[in-house]
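> predicted structure and sequence below. I'll ask about it afterward.
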Amino acid sequence: MKDSPGLQVKTYVLIFFIVLFAPLGNVLLSKGMKGVGSAKNWVPGDIFHILASIIASGYIWLGIVCLLTFFVAYMLVLTWADYSYVQPASSFSYAVVAMLGYFLLGETVPTLRWMGIFVICVGVFIVGHTHPRTTEKA
């Protein structure tokens, strides 16, 4: 693969979208579903009420939009970059998940978990300094 600065910029932008929108979509879905409540009884009336609440939830719709954005970015970047590059590089999302969980969901993130996330991010930094594509186009 020829070393194209434009292609590298596009790769980094799409990986940024992947890292941001996948965890954001999941956090929004979590927040929306916590607002809907749990399906304790599998009575048809309760199920229809839960489905109606899901359809009416703005958080769930925003989560779906974020996850669709993630999915499109993921598919696009895989058309020109190696999976062995994209998947580890997208692991920065672990840090985003912890921050969103802490700030948006009010979760406690223990120090040991932050240390594990730091180790993952160091690995991502190492992977990020390799070329995104090592195989020839088929």
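Looks like it arrived, so ask away. Residues are numbered from 1 along each chain as shown.
> contacting residues for F118?
Taking Cβ atoms under 8 Å, 6 or more residues apart in numbering as the criterion, F118 is in contact with no other residue. C-beta here means a position set from N, CA and C on the backbone, and glycine is covered the same way.
> residue boundaries of the helices in the chain?
Using DSSP state H, the helices of the chain run over residues 5-36, 44-56, 58-78, 83-89, 93-103, 111-128.
> and V19, how many residues sit next to it?
A count of nearby residues for V19, using other Cβ atoms under 10 Å, gives 22.
> report pLDDT for it.
With respect to pLDDT, V19 scores 93.
> measure stretch 80-97 end to end?
The first residue of stretch 80-97 is 26 Å away from its last residue (Cα to Cα, to the nearest Å).
> on that earlier part again, now for the helices of the chain, which one comes closest to T135?
Between T135 and those, the tightest spacing by Cβ to Cβ is seen for helix 83-89, at 9.3 Å.
> on that earlier part again, quick one: which of the helices of the chain is nearest T134?
T134 sits nearest to helix 83-89 of all the helices of the chain, at 8.0 Å, using Cβ to Cβ.
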